[in-house]
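S.K.: fold the stuff below for me.
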Amino acid sequence: MLKTKLTKVTEEVTEPKLPLKSELLAQQKELNDKNQELLDEMQKRTYSIQFEKVKVYSKLLKFLEKDAPWGHTTAAGLIMLYHNLREHKDHIRSKDWDGNVNLRSANVSTLWQMLTRMTGTGFFQAKDFVELMAIIGESASAAHNKVIEDNASLRENHMSLEKVLQQLDEGKFTDDTVEEVSETVKTEATEEVGV
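M.R.: Alright, predicted model coming up:
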């Protein structure tokens, strides 16, 4: 008899307590809301790139127009980056321009990708590239790192949401939802009546 009690106690201690379905559903809603909030915020957020001179801005724009390599996975990014840069054209030519251009997060990533894959031929193209990187390289790199850091919170939220969805899909919960509780009561009542 003592052996049986010890076995039961051991089983009770080692079995993890399952979360309530209502708690998982609340977590799912909260994580979905946070996900949407993060996405909205990321779409509006901009990152500053230091161009210093109109000449540097114009050379980058010209490179994107004429010489930027693209493929089936990068064409849309190139188009978005080009349009985002062109949005600033009038402001850059104004007297109150501070040398900065604000880009949206996807465009910062595309810019960094383009800068790190830039190629050319001859002395003058090499000189233009070195000047471009000397001026915007540091701020573009810093902005790209900030985008990666900001995206980490979205990835963490996705991972948490995935865990909750997996628990719900696998049925790893104690069901306390109103529908399930009332279905159980109906089934028990039907069995008692003998229907």
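S.K.: test my guess that I135 contacts I49.
M.R.: No: using Cβ atoms under 8 Å, I135 makes no contact with I49, being 9.6 Å away. Heads up, the C-betas are built off the backbone N, CA and C, glycines and all.
S.K.: more neighbours: these two, which one.
M.R.: I49 (28 against 21; other Cβ atoms under 10 Å).
S.K.: list the buried ones in the helix or strand containing that one?
M.R.: In this assignment (DSSP states H and E), I49 forms part of strand 46-50. Neighbour-count burial for strand 46-50 flags 47-50 (criterion: 16 or more other Cβ atoms under 10 Å).
S.K.: list just the nearest of those to Q125.
M.R.: Of all the buried residues of strand 46-50, Q125 sits closest to I49, with 21.0 Å by Cβ to Cβ.
S.K.: that closest one and L18, how far apart?
M.R.: Using Cβ to Cβ, to the nearest Å, we find I49 at a distance of 50 Å from L18.
S.K.: and what of E30?
M.R.: Counting by Cβ to Cβ, the gap from E30 to L18 is 19 Å.
S.K.: okay, the nearest residue to V56 once chain neighbours are set aside and F129: tell me how far apart.
M.R.: Sequence neighbours aside, I135 is the residue nearest to V56 in space, at 5.1 Å (criterion: Cβ to Cβ, 6 or more residues apart in numbering). Shown here: I135 relative to F129, a distance of 11 Å by Cβ to Cβ.
S.K.: which stretches in this structure count as strands?
M.R.: 46-50, 100-104 (DSSP state E).
S.K.: now mean pLDDT and distance to Y82 too, for those, in a markdown table please.
M.R.: Listed next are those as a markdown table, based on pLDDT from 0 to 100; distance: least, Cβ to Cβ, whole Å:
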| stretch | mean pLDDT | distance to Y82 |
| --- | --- | --- |
| strand 46-50 | 94 | 14 |
| strand 100-104 | 93 | 11 |
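S.K.: among those, which is nearest S139?
M.R.: Per Cβ to Cβ, nearest to S139 of these: strand 46-50, 4.0 Å.
S.K.: between that closest one and strand 100-104, how many degrees?
M.R.: Relative orientation of strand 46-50 versus strand 100-104 (axes from the mean of the first three to the mean of the last three Cα atoms, to 10 degrees): 150 degrees.
S.K.: which strands and helices sit next to strand 46-50?
M.R.: With contacts taken as 3 or more Cβ pairs under 8 Å, 6 or more residues apart in numbering; DSSP states H and E, strand 46-50 sits against strand 100-104, helix 105-117, helix 122-170.
S.K.: so for stretch 173-183, mean pLDDT?
M.R.: The pLDDT scores in stretch 173-183 average 68.
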